[in-house]
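A.B. asks: compute the structure for the input listed below.
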Amino acid sequence: MNDIHIGSALEQIHKLSAAAGSKLPEVPSEGIDFGAILKNAINDVNEKQQVEGNMKAAFEGGDKTMNLAEVMVASQKADVSFKGIMQVRNKLVEAYKDVMNMPM
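C.D. replies: Got it, this is the predicted structure:
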């Protein structure tokens, strides 16, 4: 069985994130709260969809400051984020079904 070292993996992610110029939230010493991470991911998807909706409405309304390329990029970001969170949901449902079907 593979031995996974979460601490070193998180260090590498933080280093890569710093090199890329983005910031990741600090991991508390007592562990990772999966529920909070999932909630933040869902909120992020929701925010992207709202931004996309606002940009589309402004562009369709004739706002001269809106660029079609920017609207399309926002639309693709929202779409990719939504598809990603749906895949996470599908895997969670699949894992739940597997656990429920385990013999006792």
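
A.B. asks: max-length helix in the protein?
C.D. replies: helix 68-100 (DSSP state H).

A.B. asks: show me where the protein dips below the pLDDT cut-off.
C.D. replies: 1-10, 12-13, 16-29 (pLDDT under 70).

A.B. asks: in it, which residue is most central in space?
C.D. replies: Note on the chain: the residue nearest the mean C-alpha position is A41, at 4.3 Å, using CA atoms, centre = their mean.

A.B. asks: quick check: that residue touching M86?
C.D. replies: No - taking contacts as CB atoms under 8 Å, A41 lies outside contact range of M86: 11.4 Å. Just so you know, the C-beta spots here come from the backbone N, C-alpha and C atoms, and that holds for glycine as well.

A.B. asks: M72: neighbour count?
C.D. replies: Look at M72: counted by other CB atoms under 10 Å, it has 14 neighbours.

A.B. asks: what helices or strands is the helix or strand containing K56 leaning on?
C.D. replies: Secondary structure from DSSP states H and E places K56 in helix 34-60. Judged by 3 or more CB pairs under 8 Å, 6 or more residues apart in numbering; DSSP states H and E, the packing partners of helix 34-60 are helix 68-100.

A.B. asks: how far out from the middle of the chain is the longest helix of the chain?
C.D. replies: How far helix 68-100 lies from its chain's middle: 8 Å, per CA atoms, centre = their mean, to the nearest Å.

A.B. asks: and it with helix 34-60, angle?
C.D. replies: Orientation check (axes from the mean of the first three to the mean of the last three CA atoms, to 10 degrees): helix 68-100 against helix 34-60 gives 150 degrees.

A.B. asks: please begin residue numbering at 56 from this point
C.D. replies: Sounds good: first residue 56 from here, last item helix 123-155.
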